[in-house]
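A.B. asks: turn this into a structure:
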Amino acid sequence: MKLLNVFLISGLVIGGFLRAEKPAEDSGAPAEREMVVEKQYLHFPKQFFPVAKQDSLNQRTIEFVVDGNVMRRELLSLADGKPDYWAYLDVSEFKGKKVMLKIDHLPENSQALANIMQDDAALDMAEIYKEPYRPQLHYTVKRGWLNDPNGLVFYKGEYHLFYQNNPVGTALGGKFHWGHAVSTDLIHWTEYPVAIYPGTDGHIFSGSGVVDWNNTTGFKTGKEDPLVVAYYNPDPMSQSIAYSNDRGRTWTKYKNNPVLPRFARFNGDPKIFWFEPTKRWIMILTFPRENFGFFSSPDLKNWKLEQIVNLPGSECSDFFPLTVEGQKTRKWILTTNPLIYFTGDFDGSTFKPDNAVPQRLDWGFSYHSAQTFNEVPESDGRRIQVAWIQDVAGAFYHQTLFNQQLSFPSVLTLHAFSEGLRICRQPVKEIEKLHAKEHSWNNLVLNPGENPLSEIKGDLFDIHAEIDLGLASEVGFVIRGETINYSVKDKKLSLAGNNAPLEPVNGRITLRILMDRTSLEVFGNDGRVSITSYFLPKNGVKDLEIFSQNGAAKVVSLQVYELRSIWAQADSSQAK
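C.D. replies: Reported below is the predicted structural model:
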């Protein structure tokens, strides 16, 4: 399938880059320094490179050795002379202990090891969340790189968001950790210390999370139910778990990891959830050559293969039920990269897809590795999804101290259309908390060359539009130089070279646009299609335009909401 092959490129780029990653090669020798940890953070001297990728190609291996045991192993570049900025790691767990820092090699006369310092505050935080390219609507890390959302789980009023994270580098590479953030409203996020660090087990790659309500694992030690996450260790290929007994504040790797050693040449990325009818945990793994493995377990520790299904896909799969809107029919949804999905039936051991033809979840190149929250209460009932807004090419990198962003949380619903069952995706309703000033129009004739939005300037908006196409050949918006175009003849919605089929309904279309400083999320016809794209705005351009071409259209309704930043309530200190 040509379309599928195009989007598989993103996964190959990432995989190829990681395989090519090597520590910096020079004539230096190993170096070490012993210190007693007295502060919360260790700060490492860093330098800016002309392009972000070089940050990953100039790395050294640093081991944290305590009582003769390697507790952590990091890959990061270091400034040998005067640093441009500082990267930090939380070392609270080592307080009061002697830690030997071992670096595999340093050039002669390097000051990097001597310049590593301790502090109880994270440095370079004066302008946190205020940087010119910092997204104000989408989640980003304070410092470092992030990609795939992981372990999305709800527990006692808190949404836990984990993600692939290199906290000491701003490019794809280094040792991958599980970063962690928490929200009570899906809007305002508090960044917590790294949840899971790489040790001798190597990278901590993608996975998922659950609440072990029945203590099937035996991990429970207090009043709180254990939170358990499953993740992928690529070398050796295996699946492991970690748990928390304090509402996700601290995490412990299971002592008998891995729980599922290498079964086949699978990509991993375990999706786990509880299946009540069989009272078993289910794990979905992505195998090579377009296969998906379904496993079951009574305790998240011992796993049995139930089924292998042959379907197109590559990595970061998700599996969850949705009820068809207006019906009682429930279907199971399998999503995978590049963001495609299949509907089908599942009995606890066997998934029977309705067909092997994938459907698109998002029509942009940037919407990647989407996951949904487990354990959202039935009283809420929503299936809430977050994805990585991918920019592996590094266009976003402009000597910022952070890189990449996650999508705005959205709700998935399943609908029966004439062509079959299809998912619709729309932003969560909580976005209304961010609405500030509103600009609105109704029944406005839109002639070519006119722009009723000409007086509105900004970089953060939620736009709702219903447009009667009338005699226009094209309608759309130009936002900070980025064109969102609908072709009446082709019945296609376009953004940044990506096209989505969109059939008018009674001669009308609806558009919902989330505009951030460096990304656009566009939803057509109540989420029937969506296109997600990152961009770098042209200097000083904060204009909005709505247009029609070759004939008049009618703006049935248009609301432009200026938005508040999600960081308005953010604390600049590291959360505890």
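A.B. asks: hmm, Asp354 and Leu311 touching each other?
C.D. replies: No. With contact defined as Cβ atoms under 8 Å, Leu311 does not count as touching Asp354 (11.3 Å). The C-beta positions use only the backbone N, C-alpha and C, and glycine is treated the same way.
A.B. asks: what stretches of the protein score poorly on pLDDT?
C.D. replies: Residues of the chain meeting the criterion pLDDT under 70: 1-27, 51-53, 264-267, 392-399, 569-576.
A.B. asks: where exactly do the helices run in it?
C.D. replies: 2-20, 54-57, 112-115 (DSSP state H).
A.B. asks: circling back: who touches both of Leu311 and Asp354?
C.D. replies: Phe342 (Cβ atoms under 8 Å, 6 or more residues apart in numbering).
A.B. asks: quick one: which of these two has more around it?
C.D. replies: Neighbours per residue (other Cβ atoms under 10 Å) separate Leu311 from Asp354, with Leu311 holding more: 20 against 13.
A.B. asks: list the residues that contact the more buried one.
C.D. replies: By Cβ under 8 Å, 6+ apart, Leu311 lies in contact with Glu290, Asn291, Phe292, Leu334, Thr336, Phe342, Pro353, Ala356, Pro358.
A.B. asks: how about it, phi and psi?
C.D. replies: Main-chain dihedrals, Leu311, degrees, to the nearest 10: phi -150, psi 150.
A.B. asks: ok, Glu131 touching Thr400?
C.D. replies: Yes. Using Cβ under 8 Å, Glu131 makes contact with Thr400 at a distance of 6.2 Å.
A.B. asks: overlap of the contact sets of the two?
C.D. replies: Contact criterion Cβ under 8 Å, 6+ apart; residues shared by Glu131 and Thr400: none found.
A.B. asks: hang on, Gly527 packs against Leu514?
C.D. replies: No. In terms of Cβ under 8 Å, Gly527 does not count as a neighbour of Leu514; the distance is 12.0 Å.
A.B. asks: quickly list what's touching both of the two.
C.D. replies: Counting by Cβ under 8 Å, 6+ apart, nothing touches both Gly527 and Leu514.
A.B. asks: could I get the full set of strands for the stretch 201-350 of the chain?
C.D. replies: 207-211, 227-234, 237-244, 252-253, 268-275, 280-287, 291-297, 304-310, 318-323, 330-336, 340-346 (DSSP state E, counting those that start in this stretch).
A.B. asks: so can I have JSON lines of those strands showing distance to Ile423 and mean neighbour count?
C.D. replies: Below are the strands of the stretch 201-350 of the chain laid out as JSON lines (distance: least, Cβ to Cβ, whole Å; neighbours: other Cβ atoms under 10 Å):
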{"stretch": "strand 207-211", "distance to Ile423": "19", "mean neighbour count": "26"}
{"stretch": "strand 227-234", "distance to Ile423": "25", "mean neighbour count": "25"}
{"stretch": "strand 237-244", "distance to Ile423": "27", "mean neighbour count": "22"}
{"stretch": "strand 252-253", "distance to Ile423": "35", "mean neighbour count": "14"}
{"stretch": "strand 268-275", "distance to Ile423": "17", "mean neighbour count": "22"}
{"stretch": "strand 280-287", "distance to Ile423": "18", "mean neighbour count": "22"}
{"stretch": "strand 291-297", "distance to Ile423": "18", "mean neighbour count": "20"}
{"stretch": "strand 304-310", "distance to Ile423": "19", "mean neighbour count": "15"}
{"stretch": "strand 318-323", "distance to Ile423": "7", "mean neighbour count": "18"}
{"stretch": "strand 330-336", "distance to Ile423": "7", "mean neighbour count": "21"}
{"stretch": "strand 340-346", "distance to Ile423": "6", "mean neighbour count": "20"}
